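*Asks:* Got a sequence here, can you build the structure:
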Amino acid sequence: MNNSKLLLYLETLSSGEMKEWGKFLDMNAAKNSNDAQIFFEYLSKQHPVFPEKKMRREVIAKKLFPKDAKNVKKVENIMYKFWPLLEEYLIFNELKNEKKERNFLLLKALTNRELDKFFFKKIDEMENAWQKKPPQGIEHLHDIYRLKKIRLAHPHFLEESMVAIEPKNIIEYLDLYYFATKMYWTLVEETTNKYVGKNEDDLSKTVFPVDSILQFIKEKKIHQVQIQLLFEILEAYKEGIVKDPADLKEQFINSFELYAPNEQIDVATFLTQIFYHQYRSGETDALKTLFELNKFGVEKNIFLSGAYISSDLFLNIINIACANNEWIWANEFIDKYQNHIEAEKKEDLLKLSKSIVY
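*Replies:* Sure, this is the predicted structure:
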């Protein structure tokens, strides 16, 4: 039993979540028998370690149900009932923090129950909220597509909806999502190749060519913010030049909140590659632009991956600041970010960083 799915799941629960799961079992009538209640209380006492010697089926059966001739089978049956409900609890727990997905599920429920008035009211609320404050991430473009598709697919759309929508509106947002995602991952691939070398496989032979997308965006003059920035970055990558690094930096600063945290650090990395290439090519102003990009990223905590900053990035930020004669700022950065260095690297990295500044 030590390696059962139930125990592996339970080991991830906090003490508070363990109590919540107990209530969840009550709600789903899984603890309505005295045997199930006894078993849950036993698990609660062992949580979160679950020692092997106490978790064998035979040991539990003998301890909890000593007079039952089929006590081992009883333990197995209770476990069989418990772990699917634990999966349900884990999903329920995640949904509490997923407002967007809860809303999509609610729209589906309202459609299935023919509550048309509430369906269209809810979908209008979601669109209005998104217009006032767009959620972060390229994925939001896909969510707009999903919402428009759900509205158009509603059986009573023509009778109830006051919003004009046609299939082409859905296609447009699907294209925006595809274009943005395609350019983003192409840039990730290009950046990765700069560090690890080119892959042997020629992606242009196996996937839709990004050059065709760039040409389409240029011809149709698509000005959606994320599309435009990624387009200009990718063109700069492919051409090796950018007309105005400072303008590209400002575009990112003005739109960085539209990107998810992992996308923010990636886009900042794409720009760093461009500005550094410009500097190496003789464009001395690019070094100042690069420092300003780093300064903004530090102020907004863009460069943190979880709670930490990578050692290479930490040193690069300091080197670029010092190259711009920004020694005071570099020292302030070290003091501010030293607690975001992994413990085993912290002492050496701080010594090296301070020596660079000195």
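*Asks:* C-alpha from now on. contacts and neighbour counts both.
*Replies:* Will do.
*Asks:* Next, the buried residues of the particular helix or strand that has L352 in it.
*Replies:* Here L352, judged by DSSP states H and E, is contained in helix 343-357. For helix 343-357, burial by neighbour count (16 or more other Cα atoms under 10 Å) applies to L349, L350, S353, V357.
*Asks:* Same check on stretch 253-262?
*Replies:* Buried, per 16+ other Cα under 10 Å, within stretch 253-262: F256, L258, Y259, A260, P261.
*Asks:* Mind exporting the C-alpha coordinates of that stretch to CSV?
*Replies:* The C-alpha trace of stretch 253-262 is given here as CSV (Å, rounded to 0.1, in the frame of the first residue of the first chain):
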residue,chain,number,x,y,z
ILE,A,253,7.7,48.4,-21.7
ASN,A,254,4.3,49.6,-22.7
SER,A,255,2.9,46.1,-23.4
PHE,A,256,4.8,43.8,-21.0
GLU,A,257,1.6,43.4,-18.8
LEU,A,258,-0.1,41.6,-21.7
TYR,A,259,2.4,38.8,-21.4
ALA,A,260,2.4,36.0,-18.9
PRO,A,261,5.4,36.0,-16.4
ASN,A,262,7.2,33.3,-18.3
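*Asks:* element containing the residue sitting furthest away from the middle of the chain, please.
*Replies:* Distance from the C-alpha centroid of the chain peaks at K67, with 51.8 Å (Cα atoms, centre = their mean). Counting by DSSP H and E, there is no helix or strand that carries K67.
*Asks:* where are the low-confidence patches of the protein?
*Replies:* Scanning the chain for pLDDT under 70 picks out the ranges 1-3, 30-32, 195-206.
*Asks:* dump the residue contacts of K345.
*Replies:* The contact partners of K345, by Cα atoms under 8 Å, 6 or more residues apart in numbering, come to S311.
*Asks:* what about it, distance to L313?
*Replies:* 13 Å (Cα to Cα, to the nearest Å).
*Asks:* swap in P135?
*Replies:* Distance from P135 to L313, by Cα to Cα: 28 Å.
*Asks:* cool, F40 as well?
*Replies:* With Cα to Cα as the criterion, F40 and L313 are 48 Å apart.
*Asks:* Counting neighbours, go ahead and name the busier of the two.
*Replies:* Between F40 and L313, counted using other Cα atoms under 10 Å, the more crowded position is F40 (19 against 14).
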